[in-house]
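**Q** Task: produce atomic coordinates for the following.
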Amino acid sequence: MRMFNNMGVHKALLLAGCASTVAVAAPAMAQEAGAEEAAAPIVVTGSRIQRRDFEANSPIVTVDSALLEQSSTAAIEQNLNRLPQFSPAKVPTAGGDIQPTATNTPGSATISLRGIGANRNLVLVDGRRATPSNASGVVDVSTIPSAAIERVEIISGGASATYGADAVAGVTNFILKKNFRGLELDAQAGITEKGDGFEYQISGIMGTNFDDGRGNVSFAMSMNTREANYRKDRQWFQDLWANPDTTASGFFVRNPGIEFTFGNPIQNSNAIYNELFPNRGNLPITNQGVTFFANPDGSLFTTDFVNRGGATGFNSPNDDNHYKLTSAGTIGPNFTDAMLILPLTRYNALARGNYEINDWIGVFGQATFSRVQTNTQQEAGPLTGGWSTLVPWGSGVYTGGALNGYSPNVSSVLLNGINGYVDPTPGILTDNPTNPAFAAAYGNQFACATAAVGGCTNSAMFGSLIPADLQTLLNARENPNAPFTLRGLLPVPRAGETTVTTYNLLGGFEGKIPGTDWTWEAFVNHGESDTFSNQTGIFSLQRLRTLLTSPNFGEGFNFVGNPSGGGFGASTGTCTSGLNPFNNFEGVSQNCWEAVTGSLRNRSTVRQTIVETNLQGGLLELPAGTLRAAVGASYRELDFNFINDTLTTQGQSFLDQALGIYPSGNAQGFIDTQEVYGELLIPVLSDIPGIKQLDLEVGGRISNFSTTGTSYTYKILGDWQVTDWLRFRGGYNRAERAPNIGELFLASQQTFGGNNRGDVCSTQNPGSFSANPNANPTGWQNVLTTCGLLMEQSGDLTADSQFYGNDWRDIIAGGAANLGTTVTQPQSNTVGGFSFPTLVGNANLTPEKADTWTAGVVITSPFSSALLSRLRLTVDYYNISVKDAIAAQTVGSALQQCFDPALNPLATDPVANADTVFCRNVARNQTGALGNVLLTYVNNGRFRVSGIDAALDWGFDVGPGTLSINSMLNYQLEFKSADLPTNPLVDYAGTFGTTENGLNQGAYRYRLFSTLGYRVGAVGASLQWQHLPSVKDASSALLPTSTLTGAKAYDVFHLNVTYQAAENVGLRFGVDNLFNRAPPLSGVNTANTSPATTGQLPGGTYNDTFYDINGRRFYMGANFKF
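**A** Presented below is the predicted three-dimensional model:
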């Protein structure tokens, strides 16, 4: 078979072994709770009051373990994300996430109800809080022992009054197997059609009663391993990379090159270009601000204007699709080693027990352990922008690496003032003696190193390794003796290995109150999650620059640390071969890599301790039934600590830094919370015409946080059973989510992200609070003047300093009067771009407030016919409205707070405004460009989501077997968000959605998940259908005329087959993505119809969060029960 083409023998044997041994349960059903009658009182998620049925007053869905088992993956979050109530948050396709921070754990798996954020959904295990994985308070669901999961209950109508103020969107409650008896073993293996992404899981659970059934103990263990697979092995990505109308997937060109900076143009450039690019025709190439890259043969190419007009210099090998030649005449890099799914190794263990001391009191305990290791990978570190290297060039005397901080190999010019030497002619180099250290180090390589005077020129130190064509361009610059900017991509991908170790210890007492039906429990629950991350492929920027600015890029380099102390206690750095970027770093000796690389290690720890007691039971008999109540109190401590590697620690790594990694500060925080709650289930009316039962459920919770004080949450829900087959439910929930540790105490952390508003200081920016006279006719002058003043605050300005091509002093002095009409300003960063802001916590945050309304109907078939007797339908409306939403500022919102008079009255007074905290947080650098932007968490946002959930369960006999249909639909009425109080709510429903206010993308107008099953005796089969409708690009919510496409409708099917081979032996087999459906292309700009003329590509990419990018996958599983 095709699937075995690239498969190792051990994988094939494991698959065959699973297929030949064991079985599974009936087809997975995600169903509305209530499909079965309960024989005894139980507690349903949503309320702590026991009742004799599964009927809940809030929308609730129960998923049995079969949904988790009948899948090619054991990833809990992937299987839950099939349900329309969830939107993907952290998923295994995020294989490029390598940098851990206080609020980010690479490789973790989180879930998000209603798409309003993983930290607004409370994850419980047996009704108790699970241990968070980082300072954002989210739970990594991969740490939950999957072998012991009996079912998952999902309440998606808000549950803050019952479980805690952070259950804004609802609760996901993992119910573990209790009082298990016997032995159950399970094994499963799966693989993709391409023979990669191999995954297997082996699990077992055993338990027994003792002391005549008064006690029970059980143990469960599981191991899950998943191998990586890569985009380069999928045809749809190969087609995407080969498509000349789409943009490249990478950021950085891997070939070495030299950037010719602004301010030092190439002279007589046309003649030189004609010589170097003889086929370029009339195609212009700018003479400054362009990078020329070297082919392996030493010839040159640029990333722009490659094919247009027949001018192309690119001849590098491209069999592996590392480069894309586009129809716009550009060339771009593809990152072909990007993962489709990240590799994982997971171990889970559970031990639990309970013992009935007497009829009224018992003891229980539980211990869980999890160890999850994931690997992620990102494009190699780039020599570009702030990470590029200035290399000396020209006829000046080489003075070592002084340009970049180190000067162990200096020649004569640096001897002045050293060891008593005084230069009699400081401005003249040729009469200086040669530096003895330089001569000793490089005398064998360069004859000029031992010359009596003058030493070696800069060009002599590097010229033998730099292609001749590049030297021609360097020497043709207006200032040929200026250093050049070296560009390129390092040869080793940046990678991260993250290990999360989690344990939880639970112990307590439970019992009954004699003479009543009241039950109680009191317990202590302590959990700890330790995350250790090791990052490789990381380079020390300072050490790398030192070697790259040493002769022949470090060849023969030798340096003993602490030179002023005689090398005391220091290490020695050596490099035999040098790091020649123009040879693609081939043949580099090991000591050179050791001299410049480093592994980063980070550790974070979360500790949670809960002391809680709960009581529930009947208070008194009323005419309509028993008045029941639940009360409880808890104390909770949450302690967090993040220790970053010193090479990337904000405030500690200022003399050196890691190339390709952003600095982040060490962080710690502590929150303790005291809570009390109460619930009442009030029977109002019963057994009268039109009302079989009418109940009212009310509850409230008072939470006192050590950080934000007291918060109040409450609910009032109603349940009206009209007849045996018709029931209405609904109500109101109020929640106040207090800020988490990350939002409050995050230390300074630099990030990389987009800027959706572009640079508002550009006169071409279309924003209403920009410097564009047409878009902002009454305020553009104030904006422009403020921008100039912010540039002035950066310091180190000279008479040559420019602001988008204008003298910065004119911007401040006379600019407000005439710049808009007399000066043409370049169109730079007008509507978007990248930014590198710094994010910090905000101890002054207040809780966000959420109001949730629900209304629904439950219909159970009133018919007794074989066809309709097992029909059940639920329809629920929900509306979640959040104000004072807590979220990190975006660069766009920070700019708006500085320049928009609607938010900042001082925006009309540039002198005063430039000194406000809002504007000082959006600094500009000496070149006039947007500099570091300081962001924090704020209570500025608001959002509202509403929609309708519908669920259908239907079963009937057909022929010799039984046909079952389960269908779940979510229809999104609105998904509105605004990041600032003065901004209007924007409705993203029907689009890919937004991430502002901490929301998750995926605001589809509707989502459908259906299962069609058929069982005959021991054989069962089911077909799952996931449907996503066509969706618009998120930009259409802001700009209805947007020409960016969304995605076409998408359907994917999963086939499952089970066979009960014996009473205690079962087999299962399945195919995910049965028809190998490719993901749809999205993000195509339909306005770019002539890329060869305009240079603008239509573009397009695949969304790997919502669409299957792996392709067809097979799995086989087996189950033994004893």
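**Q** Verify the contact between residue 476 and residue 270 for me.
**A** No - look at residue 476 against residue 270 with C-beta atoms under 8 Å: they stay out of range, at 11.2 Å. C-beta here means a position set from N, CA and C on the backbone, and glycine is covered the same way.
**Q** So for these two, which sits in the more crowded spot?
**A** Applying other C-beta atoms under 10 Å to residue 476 and residue 270 shows that residue 476 carries more neighbours, namely 17 against 12.
**Q** in the stretch 951-1100 of the chain, which spans are strands?
**A** Assigned by DSSP state E, counting those that start in this stretch, the stretch 951-1100 of the chain shows strands spanning 961-978, 986-987, 1006-1016, 1019-1028, 1050-1062, 1065-1072, 1081-1082.
**Q** Include distance to residue 783 when you put the ones you listed into a markdown table, please.
**A** Below are those laid out as a markdown table (distance: least, C-beta to C-beta, whole Å):
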| stretch | distance to residue 783 |
| --- | --- |
| strand 961-978 | 22 |
| strand 986-987 | 23 |
| strand 1006-1016 | 42 |
| strand 1019-1028 | 42 |
| strand 1050-1062 | 43 |
| strand 1065-1072 | 53 |
| strand 1081-1082 | 34 |
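**Q** could you redo these as a markdown table and give each row mean neighbour count?
**A** A markdown table is the format used below for those (neighbours: other C-beta atoms under 10 Å):
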| stretch | mean neighbour count |
| --- | --- |
| strand 961-978 | 20 |
| strand 986-987 | 16 |
| strand 1006-1016 | 19 |
| strand 1019-1028 | 19 |
| strand 1050-1062 | 18 |
| strand 1065-1072 | 22 |
| strand 1081-1082 | 20 |
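**Q** Among those, single out whichever gets nearest to residue 393.
**A** Proximity to residue 393, assessed across these by C-beta to C-beta, is greatest for strand 1081-1082 (44.8 Å).
**Q** Tell me the strands beside that closest one, with direction?
**A** Paired neighbours of strand 1081-1082 in the sheet (DSSP bridges): strand 1101-1102 (antiparallel).
**Q** starting at the chain centroid, how far to the strand it pairs with?
**A** Computed by C-alpha atoms, centre = their mean, to the nearest Å, the separation of strand 1101-1102 from the middle of its chain amounts to 17 Å.
**Q** need the next SSE after it, C-terminal direction.
**A** Toward the C-terminal end, the helix or strand that comes next after strand 1101-1102 (DSSP states H and E) is strand 1113-1121.
**Q** Report the rounded mean pLDDT for that following strand.
**A** What strand 1113-1121 shows for mean pLDDT is 95.
**Q** could you give the angle of it to strand 1065-1072?
**A** Strand 1113-1121 runs at 160 degrees relative to strand 1065-1072, counting by axes from the mean of the first three to the mean of the last three C-alpha atoms, to 10 degrees.
**Q** In strand 1113-1121, which residues are buried?
**A** If you call a residue buried by 16 or more other C-beta atoms under 10 Å, then strand 1113-1121 has these buried ones: 1113, 1114, 1115, 1116, 1117, 1118, 1119, 1120.
**Q** Surely the third one touches residue 1072?
**A** Yes - using C-beta under 8 Å as the test, residue 1115 is close enough to residue 1072 to be in contact (7.4 Å).
**Q** which neighbours do these two share?
**A** Common neighbours of residue 1115 and residue 1072 are listed as 71, 72 (criterion: C-beta atoms under 8 Å, 6 or more residues apart in numbering).
**Q** Surely residue 439 is within a helix?
**A** Yes - with DSSP: H, G, I helix; E, B strand; the rest coil as the criterion, residue 439 is part of a helix.
**Q** Measure how buried it is and give me the count.
**A** Neighbourhood size, residue 439 [other C-beta under 10 Å]: 20.
**Q** ok, it - contacts?
**A** Listed by C-beta under 8 Å, 6+ apart, the contact set of residue 439 reads 449, 450.
**Q** separation between it and residue 457?
**A** Distance, residue 439 to residue 457, using C-beta to C-beta, to the nearest Å: 15 Å.
**Q** Do you have the strands of the stretch 601-750 of the chain handy? List them.
**A** 625-643, 658-659, 667-688, 691-705, 709-721, 726-737, 749-750.
**Q** Can you give me the buried ones in the fifth one?
**A** Meaning strand 709-721. Using 16+ other C-beta under 10 Å as the test for burial, strand 709-721 gives 711, 713, 714, 715, 716, 717, 718, 719, 720, 721.
**Q** what packs against that strand?
**A** Counting contacts by 3 or more C-beta pairs under 8 Å, 6 or more residues apart in numbering; DSSP states H and E, strand 709-721 packs against helix 160-163, strand 691-705, strand 726-737.
**Q** Give me the mean pLDDT for that strand.
**A** 94.
**Q** Which residues does it contact?
**A** Applying C-beta under 8 Å, 6+ apart, the external contacts of strand 709-721 come out as 55, 57-58, 158, 160-162, 165, 691-705, 727-736, 738, 847, 854.
**Q** so how far is that strand from its chain's centroid?
**A** Computed by C-alpha atoms, centre = their mean, the chain-centroid distance of strand 709-721 equals 33 Å.
**Q** so that strand versus strand 726-737, what angle?
**A** Calculated by the same axes, to 10 degrees, strand 709-721 forms an angle of 180 degrees with strand 726-737.
**Q** and the longest helix for this protein?
**A** helix 780-793 (DSSP state H).
**Q** Tell me the buried residues in that one?
**A** Residues of helix 780-793 classed as buried: 780-792 (neighbour count, 16+ other C-beta under 10 Å).
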